[in-house]
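**Student:** Just the structure for this:
(chains A and B)
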Amino acid sequence: MPVSPSIEVQKKLEILRNRFRDKTIGELESLVNGVFSASQRSEALGELVVAYQLLHRLAGSAGTLGFSQLGEQARKLELAIKPMADQIVEGADSEQVQQQLKQLLDGDFKDGIVNLGAFLDVADPVSTEWHKPAKVELGNRFVLLVVDPDKRHRDMVAQGLALYGYEVRSLSSGEQWPASVNDIDLVMVRDTLLQDESASWLSRLHKLPTICFSGDHDFETRYRLARLNVDACIDEPRDIPALADRVEQLLAEGLATLTGRVMIVDDDRELLEHYRVVLTSGGMQVRAFDDPSRLLSELADFRPDILLMDVQMGRFDGPVLARMLRFQAEWLSLPIIFFSSEADRDLQLDVLARGGDDFVTKPVSDEFLLRTARIRCYRARQLDKLVSLDSLTGLLKHALAKTELNREHARCARSGHSSVVAMLDLDHFKQVNDSYGHGVGDMVIKALSNLLRHRLRNTDIIGRYGGEEFLVVLPECSLEKAVEVLETLNKDFARLVFNARNEEFSVTFSAGVATLNAYETGEHAIDAADRALYERKRAGRNGVTVAREDYFDS
Amino acid sequence: MPTESLKRIMMVEDEPDIRSVAELALEAIGGFELIACESGQQALEQIVDSRPQLIILDVMMPGMDGPETLKAIRSLPEYAETPAVFITAKVQSDEVRSYLALGAAGVIPKPFDPLTLADQIREIWNEARAIG
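**Tutor:** Numbers count the residues shown, from 1 in each chain, chains lettered A, B, ... in the order given. Presented below is the predicted three-dimensional model:
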């Protein structure tokens, strides 16, 4: 689980990062000089070995210090010069090595080492903090790039999406996109800029989710856009909530495949360790152990997305373990994948019938293992979402939101911290439905849920409680902070402009808040927040009201 | 399960930056006591006084590398079975195998995440305790 480090730890991490950055700037300069002089003077060839060692070191350490892009880039460059560095150490003919180096410098390598320094400006986020609505330093926000020749459009998109907590940069053409700017998470581009298919910047779209602004609906155009790796088409960017919705979806698809929780049980310790390392370095969270009798307690503790298990482990039989797990409703839907050395179809079918979900035949290549695990985790999460999330908003369903709230209430009691519960309700929502139809009403509900999801922390609990009612729990949060956050959200939501029937309109919401742990049960806290919400409605809506009881308590 | 809990960790790592981050990760976040050494030589000098319960070794170090350091530590009778963890930038299957053959309890790939390092180490420790 991602941890939220204390302020003090964050500060120290920040100091270490800055120190590393300052030091590395100088080192990268001498790296560039060293490589160039090695290419020009054979006496200086030793510099190449020094360069190799530095790149190797950065590949291992930069990520830990928060510069993972620098680390990845250093790894690529390290591998490129390794053969030459090895030859120099072995005392190979220096002219030959120099020749190879010159060739390398004629290609991308030169730009690669010269531009390394730029990655020092791109640091990874330290933790889950409140997303600030505007003008923050490089934080853990998604960075979107809008490329559109029309300045009015660009500004509208930038301002609109900034309200959702995205950092938006804008350019009037793709040619202006500098090679060093590669921290972009998603691109939005006007279709006219995609006319020239030979433009070199188009290849950069292949790696990124891309939305195209295009009003052309004919088959040829759409097919061409799909071929250019465009992921989504939007007629007009004027409808910001619809655009934000698409952005959110595309970003979520990318993220879900990257992470996942995998549990592995195998009695071959070496193999087990190897699987663990491969999956961990692929970004998965892994729990691996070799003793099947610990299965139940480990499952309860780790709660994986998928379980990988050997078919035969000492006196334990994998398929029997699978059947045993299915005794508990909790693990009924857990995907179980078996490793089996034999490619015996009959045995495999038998195993599937007894509660396993799939087979992987040993030996498994590293890449296959990682891909299988990723896809399985992704699917498992999608399925889980269908079951527990509200289909319109992607937020927790009523019952689950309440379960989570009660869990947080218990957590408060255990650890003594303070948390806040809030009930939110859209104002005059019936009027929206009546004047514009339910489709538009749904869009408004989605817009508010997207806004909540983006601007609240990952650790906050957000549920759709009723039709237009939302439940929010802010763990480890003071009442003052909660009111501040909700009031900002309230203002920003009111500024969103919706489009329907050629009319523009905006919607507001009211909120009631209460300190979760000030009440005997989670239920009582919800009631108090609900009463505060009702008071807000009577006092003119559009704002945040604190439960009366909270004032008496404090 | 044995009740011995992990308190003292020794880390052998030649890079000062990584040593500082590890200090933060294991002391401030993990609540362990860390003895950080910059070389295998220094580790051997300090191990008797510091009595670590677990040892983290960088694989690639100038002079004595990680595997050599572990071999030297293993030759001390009290530390013949102390759980050891390698951190390495290269993750290849035969390599992992060779470290485990040396008696390592786990391998952590570089770059590691400072926020989860303590959890990873704790997990390896529990694992090693459960088996040993």
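
**Student:** What are the contacting residues of stretch A:299-317?
**Tutor:** For stretch A:299-317, the surrounding residues in contact (Cβ atoms under 8 Å, 6 or more residues apart in numbering or on different chains) are A:260-268, A:275, A:287, A:290, A:292-293, A:318-319, A:321-322, A:325, A:331, A:334-341, A:347, A:351, A:360, A:373, A:376-377, A:380-381, A:384. For the C-beta atoms, the positions are set from N, CA and C on the backbone; glycine is no exception.

**Student:** Whichever residue of chain B sits closest to chain A in helix, strand or coil?
**Tutor:** Proximity to chain A, evaluated over chain B using Cβ to the nearest Cβ, is greatest for B:Pro111 at 2.7 Å. Secondary structure, DSSP: H, G, I helix; E, B strand; the rest coil: B:Pro111 is coil.

**Student:** A:Lys481: neighbour count?
**Tutor:** Using other Cβ atoms under 10 Å in any protein chain shown, A:Lys481 has 14 neighbouring residues.

**Student:** Double-check that it belongs to a helix.
**Tutor:** Yes: according to three-state DSSP, A:Lys481 belongs to a helix.

**Student:** Next one: it from chain B, what distance?
**Tutor:** Remark: distance between A:Lys481 and chain B (Cβ to the nearest Cβ, to the nearest Å) = 23 Å.

**Student:** Model confidence for that residue, exactly?
**Tutor:** Among the per-residue scores, A:Lys481 holds a pLDDT of 93.

**Student:** Pull the contacting residues for it.
**Tutor:** A:Val420, A:Leu474.

**Student:** Any stretches of the chain with poor pLDDT?
**Tutor:** Since no chain was named, I'll use chain A. A:1-8, A:125-140, A:252-259, A:341-347, A:351-356, A:382-387, A:551-554 (pLDDT under 70).

**Student:** wrong one, chain B
**Tutor:** B:1-3, B:90-94, B:130-132.

**Student:** mind redoing it with 50?
**Tutor:** B:1-2 (pLDDT under 50).

**Student:** Please identify the residues of it in proximity to chain A?
**Tutor:** B:15, B:17-18, B:20-21, B:24, B:28-29, B:60, B:88-89, B:91, B:93, B:96-97, B:100-101, B:106-116, B:119, B:123, B:127, B:130-131 (Cβ under 8 Å from any Cβ of the partner chain).

**Student:** contacting residues around the residue lying closest to the residue of chain B closest to chain A once chain neighbours are set aside?
**Tutor:** Using Cβ to Cβ, 6 or more residues apart in numbering or on different chains and skipping residues adjacent in sequence, the residue nearest B:Pro111 is A:Gly63, 2.7 Å away. By Cβ under 8 Å, 6+ apart, the residues touching A:Gly63 are A:Gly71, A:Glu72, B:Lys110, B:Pro111, B:Phe112.

**Student:** Which of the residues you listed are buried, as a ChimeraX select command?
**Tutor:** Those of the contacts of A:Gly63 that count as buried under 16 or more other Cβ atoms under 10 Å in any protein chain shown are selected in ChimeraX with:
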select /A:71 /B:110,111,112
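
**Student:** The residue in chain A positioned nearest to chain B in helix, strand or coil?
**Tutor:** Closest to chain B within chain A is A:Gly63: 2.7 Å, counting by Cβ to the nearest Cβ. Secondary structure assignment for A:Gly63 (three-state DSSP): coil.

**Student:** quick one, phi/psi of it?
**Tutor:** phi -60, psi -40 (degrees, to the nearest 10).

**Student:** Please, which helix or strand holds the residue nearest in space to the middle of chain B?
**Tutor:** Computing the C-alpha centroid of chain B and ranking residues by Cα atoms, centre = their mean puts B:Ile56 first, at 1.1 Å. Element membership of B:Ile56, judged by DSSP states H and E, is strand B:54-58.

**Student:** Adjacent strands (with direction) for that strand?
**Tutor:** Here strand B:54-58 has these sheet partners by DSSP bridges: strand B:8-12 (parallel), strand B:84-88 (parallel).

**Student:** which is the next helix or strand following the last one?
**Tutor:** Once strand B:84-88 ends, the next helix or strand along the chain (criterion: DSSP H and E) is helix B:93-101.

**Student:** what helices or strands is that next one leaning on?
**Tutor:** helix A:269-281, strand B:84-88, strand B:104-109 (3 or more Cβ pairs under 8 Å, 6 or more residues apart in numbering or on different chains; DSSP states H and E).

**Student:** Tabulate those (TSV), appending distance to A:Asp427 and mean neighbour count.
**Tutor:** Below are the helices and strands packed on helix B:93-101 laid out as TSV (distance: least, Cβ to Cβ, whole Å; neighbours: other Cβ atoms under 10 Å in any protein chain shown):
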stretch	distance to A:Asp427	mean neighbour count
helix A:269-281	48	22
strand B:84-88	55	24
strand B:104-109	52	23
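
**Student:** hang on, the earlier thing: pull out the buried members of the residues of chain B next to chain A.
**Tutor:** B:15, B:17-18, B:20-21, B:24, B:28-29, B:60, B:88-89, B:91, B:93, B:96, B:100, B:106-116, B:119, B:123, B:127.

**Student:** picking that back up, A:Ser200: which of the strands paired with strand B:54-58 is closest?
**Tutor:** strand B:84-88 (37.3 Å; Cβ to Cβ).

**Student:** Need the single longest helix in chain A, by residues.
**Tutor:** Determined from DSSP state H, the single longest helix within chain A is helix A:7-40.

**Student:** can you tell if it touches chain B?
**Tutor:** Yes: interface with chain B: helix A:7-40 contributes A:Glu8, A:Val9, A:Lys12, A:Leu13, A:Leu16, A:Arg19, A:Phe20, A:Lys23 (Cβ under 8 Å from any Cβ).

**Student:** Tabulate these (a markdown table), appending neighbour count.
**Tutor:** Putting the residues of helix A:7-40 next to chain B into a markdown table (neighbours: other Cβ atoms under 10 Å in any protein chain shown) gives the following:
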| residue | neighbour count |
| --- | --- |
| A:Glu8 | 10 |
| A:Val9 | 20 |
| A:Lys12 | 17 |
| A:Leu13 | 23 |
| A:Leu16 | 20 |
| A:Arg19 | 14 |
| A:Phe20 | 25 |
| A:Lys23 | 12 |
